[in-house]
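Colleague: Provide a 3D model corresponding to the input given below.
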Amino acid sequence: MAVMKLQRLEEILSKMPELRVLVFGDFFLDNYLTLDRSLSEISLETGLEAYQVVETRKYPGTAGVVAANLRSLGAGVLALGLGGDDGNGYDLRQKLVEDGVDVRGYLREPGFATPTYNKPMLREPDGSMRELNRMDVKPRQPLDPRLEERLIEQMRRLLPEAHGMLVVDQARCLNCGVVTDRLRAEIERQASANPGKVIQVDSREFLDRFKSVILKSNLSEAMRAAGLTGSSDEYAVDNAARCGRILSGRTGCPVVITLGNEGIYLLEGPDRDGALIPALPVQGEIDVVGAGDSVNAAVGAALCAGATLEEAGFLGNLVASIVIQQIGVTGTASPAQVLAQFRAHFSS
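Modeller: Just a heads-up that it's a prediction; the model follows:
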């Protein structure tokens, strides 16, 4: 059963071009390398197989995926993040510009290595493809306080231009990404100063360090932040409800927890009943890379457009069901695709 009717979905989507959303966080470059096994050579120096790159594909990753999904839905995007003056930084910035992202807040720092996920895709002689070990370039030292100051300054300058802010905290090392403790404190200050503005956070490792903001995560991240043990694969909805109450109790704000093929669990506040928005059934091969980022973008944009939390979660499910059917790429969903998916599964 649909949470909303087609007319309401069309109304929410029609507001997307009016929105401007600030995306703050760790912008990575997703660098796909297609290797053709039939062309492999043996290195004279090492005696090892030398893979031959026949194609490269580059996409904005992590926070860039959120930005790309917002742009695909029609929303305007302001990027706030940090890259280097290296080739990967140039490519990432150019891809953001090509997507129509405002990059005034995307800072470039000489000597800083642009965070990059290098993803080798090996094509065997029979035509089959498989991904080899990923090679990551990412910060491993605490962020320079001087750069923290620049990011805070840019946040204060850009947030008044936006209807809301989506925070993408990708780093596994505390204070090594751009979302440091100082920036978390600034996010809390901005949330308190702008109670009517949507501020939503997705954090891989440090969800429990945020206050006064909407939290979005998958179940394993939510359980870790809530201090719960056990498998996230068992009793998913029950565990999501427990996490939601704990996390919302700390922040006083809504919580959004993705549950894979079970859907999205939503909680408006610690004293409210939660709701499960079931996932849409999908046939055939799927690729879940980027699905969480697409939900982050869809839910955040919908809330900025005036949707209820359940309506926003429903849109998140629609978008995710489209994105996971795009194999080997960082997927997005357009309003036309969203409406087509709605019509394919629900009556108007």
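
Colleague: Can I get the helix or strand containing residue 119 in CSV, CA atoms only?
Modeller: Residue 119 is part of strand 116-123, with elements assigned from DSSP states H and E. Output of strand 116-123 as CSV, limited to C-alpha atoms (Å, rounded to 0.1, in the frame of the first residue of the first chain):
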residue,chain,number,x,y,z
THR,A,116,39.7,8.3,-4.1
TYR,A,117,38.3,4.8,-4.4
ASN,A,118,40.1,3.0,-7.2
LYS,A,119,37.9,0.2,-8.4
PRO,A,120,39.5,-2.3,-10.8
MET,A,121,36.9,-4.2,-12.8
LEU,A,122,38.4,-7.3,-14.5
ARG,A,123,36.8,-8.5,-17.7
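
Colleague: Mind checking what helix or strand follows it in sequence?
Modeller: Next helix or strand after strand 116-123 toward the C-terminus (DSSP H and E): strand 129-131.

Colleague: Can you report how many residues lie near residue 271?
Modeller: Using other C-beta atoms under 10 Å, residue 271 has 9 neighbouring residues. All C-beta spots, glycine's among them, are computed from the backbone N, C-alpha and C.

Colleague: er, residue 130 I mean
Modeller: 10.

Colleague: That one contacts residue 122, doesn't it?
Modeller: Yes. Shown here, residue 130 and residue 122 form a contact pair, counting by C-beta atoms under 8 Å, at 5.5 Å.

Colleague: related to what we said a few turns ago, which strands or helices does the strand holding residue 119 pack on?
Modeller: In terms of contacts (3 or more C-beta pairs under 8 Å, 6 or more residues apart in numbering; DSSP states H and E), strand 116-123 is packed against strand 27-36, strand 129-131, strand 135-137.

Colleague: okay, these, which one's buried deepest?
Modeller: Among the helices and strands packed on strand 116-123, the stretch with the highest mean neighbour count (mean count of other C-beta atoms under 10 Å) is strand 27-36, at a mean of 21.

Colleague: partner strands of that strand, parallel or antiparallel?
Modeller: Sheet pairing of strand 27-36 (DSSP bridges) gives strand 53-62 (antiparallel), strand 116-123 (parallel).

Colleague: Reformat the helices and strands packed on strand 116-123 as a markdown table; add distance to residue 304 and mean pLDDT.
Modeller: Shown next, in a markdown table, are these (distance: least, C-beta to C-beta, whole Å; pLDDT from 0 to 100):
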| stretch | distance to residue 304 | mean pLDDT |
| --- | --- | --- |
| strand 27-36 | 20 | 96 |
| strand 129-131 | 34 | 90 |
| strand 135-137 | 32 | 97 |
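
Colleague: looking at those strands, which is closest to residue 201?
Modeller: strand 27-36 (15.9 Å; C-beta to C-beta).
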